[in-house]
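Chemist: A predicted structure for the sequence below; I have some questions about it.
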Amino acid sequence: MNAFPSEGMASQHRSGMALRDYFAAKVVTWFLTELMAEDLLDDPTLTRQFAADHAYKMADAMMKAREA
């Protein structure tokens, strides 16, 4: 499922962003905003990998919620 499908484009690459990726991008943006607000961007335990992993976990939960 794509977030921004385009009719008439044959290539999968051009058919839009995956909805899961779109959700993850929104979550990671929120996460980084919260870290900035709490002045935690330099916390060594909050790595980029941590943010990415949790963004996709939340995206997966959002995808599952859509099925309900």
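Modeler: That came in fine, so what should we check first?
Chemist: For the helix-or-strand element of the chain with minimal mean pLDDT, name the packing helices and strands.
Modeler: None of the helices or strands of the chain scores lower by mean pLDDT, DSSP states H and E than helix 19-37, at a mean of 89. Contacts defined by 3 or more C-beta pairs under 8 Å, 6 or more residues apart in numbering; DSSP states H and E place helix 19-37 against helix 48-67. Where C-beta positions appear, they are placed from N, C-alpha and C, glycine not excepted.
Chemist: Report the central residue of the chain.
Modeler: Centroid-nearest residue in the chain: Ala24, 0.9 Å away (criterion: C-alpha atoms, centre = their mean).
Chemist: That one contacts Met63, correct?
Modeler: No - under the criterion of C-beta atoms under 8 Å, Ala24 is not in contact with Met63, lying 10.0 Å apart.
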